[in-house]
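> Fold the following.
(chains A and B)
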Amino acid sequence: MSFALDILTIAAVSAGAFFFLAGTVGLLRFPDTLTRLHALTKADNLGLGLVVLGLLPQAGSVRHGLKLVGIWLLVLLAGATVSQLIARAARQGGPAR
Amino acid sequence: MTVATILEMVLGAVVLGLGAWTIAARETFAATVGYVAYGLLVPLIWVRLDAVDVALTEAAIGGGLGGVLLLGAAARLRASEPAAAAETPGKIVRLGAAGASVMVAAALSAAVLLLPDPAPTLAPAAIANASATGLANPVTNVLMAFRAMDTMLEKVVLLLAIVGVWSLASDQAWGGRPGPRHQADPHGVFAFLARLLPPVGIVVGIYMFWTGADHPGGAFQGGSMLAAMWLLVIMAGLTDTPPASGRWLRLVLIAGPGVFLAVGLGGVCFGLAFLAYPPTNAKPLILGIEVAMVLTIAVTLGLLVAGAPERSPQR
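As a prediction, this is how the structure comes out:
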């Protein structure tokens, strides 16, 4: 059982790391602010979500697991809000670069 | 070489690189962003050194509130930036500044490298005497009991800092509300965040303060969390900054150092020493000081970011 959980952890955290890598590549390579934001929020939402999912079997207690999920939800909220605000500022600031 | 060592080396290299980039960056805004990223990575180093209390403070102050303060300063300086950039200092001044910086860095590295091995430490003594206060977190013990004088003076410094910021106000705005009145769409996404996050943030802030007795955390970390929530509500335009002349505001500002000083003098009155707690009541007294401190820290940090009074108290 614990072996299966370890495999799940490795798979999920690796997938999360891949999303962070893809998000970073997108941040560096995409042509304008809005598409770069799109790449960045993918890394935050999916990447961190997968990392948290992978860490849940290792959390030890339900309380620690809930804290991890809470961190992910807070990052989701902050990331969604901040990307909206940046997108609005970019649109008002003239043609997106 | 273990994975952890590689991680630490990469972390150290990235932090040093970010530090160098922050100094080299020409634009004030870019340098500020670099500094914020630096302030968010340094806590990871503190965590690797098992100094979680320091990491929390560094993340809250260095990365969070310090970053907001510098961003505000960068926004104010934007108008005068081209003029300032045009005044390039002469070669001799720049060489002199570089030489002075190298000497400071060399002296600091020498101080660290010349430490005897093992370094002198009072950590075992602090842990051995932990039972004297009833608190399990040795950092809180040092801050609130063994070196309480330093913490009390630190709160006085916070008070002096806010007096310094307020003294920048013009005569018309003296005693008025700090900063501009923020406007945001009341149905927009920012106002939504400012309504949704504070209940969570206030609970987390109080938890960080409360758990500081036994685990990493404490009044400063909790207070900066509460300050961040207050600033969020102010910046979303849901509330306004209080007038600097308000009696309640000033009472909260002096509550932390005031209660600390009162308890300290109480120690003298009851035949102990200044800032000595009677052993039976040490924990309630420390908790009382910390409750006053967390309020003072939250309000002081919030007002430091809000800035000098700009509008007369009537408006």
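> and the host helix or strand of residue B:42, what's its mean pLDDT?
Counting by DSSP states H and E, the element that carries residue B:42 is helix B:28-48. Averaged over helix B:28-48, pLDDT sits at 92.
> what distance separates it from the centre of its chain?
Remark: helix B:28-48 is offset 14 Å from the chain centroid, using Cα atoms, centre = their mean, to the nearest Å.
> That one vs chain A: in contact?
No: residues of helix B:28-48 are not located near chain A by Cβ under 8 Å from any Cβ of the partner chain, the shortest gap being 12.7 Å. In this view, the C-beta of every residue, glycine as well, is placed from N, C-alpha and C.
> contact partners of that helix?
Contact with helix B:28-48 is made by B:4, B:7-8, B:11-12, B:14-15, B:18-19, B:21-23, B:25, B:52, B:54-56, B:58-59, B:62-64, B:66-67, B:70-71, B:73-74, B:77-78, B:81, as judged by Cβ atoms under 8 Å, 6 or more residues apart in numbering or on different chains.
> With stretch B:159-171 instead?
B:175-176, B:178, B:244, B:253-254, B:257, B:296, B:300, B:303-304, B:307-310.
> List the buried residues in that stretch.
Neighbour counts over stretch B:159-171 (16 or more other Cβ atoms under 10 Å in any protein chain shown) mark B:159, B:162, B:165-166, B:169 as buried.
> any chance of the residues you listed in TSV, plus pLDDT and distance to residue A:39?
What follows is the buried residues of stretch B:159-171, written out as TSV (pLDDT from 0 to 100; distance: Cβ to Cβ, whole Å):
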residue	pLDDT	distance to residue A:39
B:159	93	45
B:162	93	41
B:165	92	39
B:166	92	44
B:169	88	44
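> Tell me where the stretch 51-200 of chain B has strands.
B:177-178 (DSSP state E, counting those that start in this stretch).
> Kindly report the residues of it close to chain A.
Counting by Cβ under 8 Å from any Cβ, the stretch 51-200 of chain B sits next to chain A at B:189-190, B:192-193, B:196-197, B:200.
> What about those, which are in helices?
B:189-190, B:192-193, B:196-197, B:200 (DSSP state H).
> In TSV: these, plus neighbour count.
Formatted as TSV, these follow (neighbours: other Cβ atoms under 10 Å in any protein chain shown):
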residue	neighbour count
B:189	18
B:190	21
B:192	17
B:193	19
B:196	12
B:197	20
B:200	14
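> any idea how far the most centrally placed residue in chain B lies from chain A?
The residue lying closest to the centre of chain B (Cα atoms, centre = their mean) is residue B:61, at 3.8 Å. Applying Cβ to the nearest Cβ, to the nearest Å, the value for residue B:61 to chain A is 19 Å.
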